[in-house]
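Peer 1: Fold the following and give me the result.
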Amino acid sequence: RMPSWKNVSQTFPSFRSSLDTMRGVAFGFLFLITTMSTAQPSTARFYAVRLQPHEDLKKALMAFALTQGLEAAAVVSAVGSLEQYHLRFANQESGVVKKGHFEVLSLSGTLSRESCHLHVSLGDSTGQVVGGHLLDDNIVYTTMEIVLFELNELEFNRVVDKTYGYPELQITPRQKRRKK
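Peer 2: Predicted coordinates:
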């Protein structure tokens, strides 16, 4: 005969605590899903891109997005190195430029042919890590190998959010384009 949940939780008090935690996590997950009003499903197309030494990481990605006509893309994976970074750290007005040799540990964010919002984490030769908002003038050292995907049914736009005054992501269904 299987014990009831009440008996199990009385016999094993830590199990009751775990059950309460799981209920809280499940509620939090359900709450998160119901508040994500901008979530949109879409199929995707993937692109593999390699940047050469001395290319500007952000400018090259924006040029790629423009030439491919990307409306709603995101970075899946990126590895490579930089010989110079230009990052804006959290809650700062301007960026910091530093020359050296830096491994790209991560690159994430969204982009379209109109704009991008990208963050990068870098490691230096001593293992120290720095990260922030990717600005122009992040110069490739040996290579940058990037995989992007484009969400085929969506568009990304930037609209000023009144809370802090920054242009933030707006996700909308892609408009059908008329053929000229």
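Peer 1: Helix or strand: which one has the residue positioned nearest the centre of the chain?
Peer 2: Nearest residue to the geometric centre of the chain (Cα atoms, centre = their mean): Gly109, 3.0 Å. Secondary structure from DSSP states H and E places Gly109 in strand 96-111.
Peer 1: and that strand, what's its mean pLDDT?
Peer 2: Strand 96-111 carries an average pLDDT of 98.
Peer 1: Can you spell out which helices and strands pack onto the helix or strand that that strand is followed by?
Peer 2: Next in sequence after strand 96-111, counting helices and strands by DSSP H and E, comes strand 116-123. If you count contacts as 3 or more Cβ pairs under 8 Å, 6 or more residues apart in numbering; DSSP states H and E, strand 116-123 packs onto helix 57-68, strand 73-88, strand 96-111, strand 129-134. Glycine gets a C-beta too; all of them are placed from N, C-alpha and C.
Peer 1: about what we covered before: give me every residue that touches the residue nearest to the centre of the chain.
Peer 2: 74-75, 116-119, 134 (Cβ atoms under 8 Å, 6 or more residues apart in numbering).
Peer 1: Name only those of those residues that count as buried.
Peer 2: Neighbour counting with 16 or more other Cβ atoms under 10 Å marks 74-75, 116-118, 134 as buried within those.
Peer 1: which one of these is nearest Val147?
Peer 2: Val147 has its nearest neighbour among the buried ones among the contacts of Gly109 in Val75, at 7.6 Å by Cβ to Cβ.
Peer 1: list the contacts for the closest one?
Peer 2: Residues in contact with Val75 (Cβ under 8 Å, 6+ apart) are 107-109, 111, 118, 146-148.
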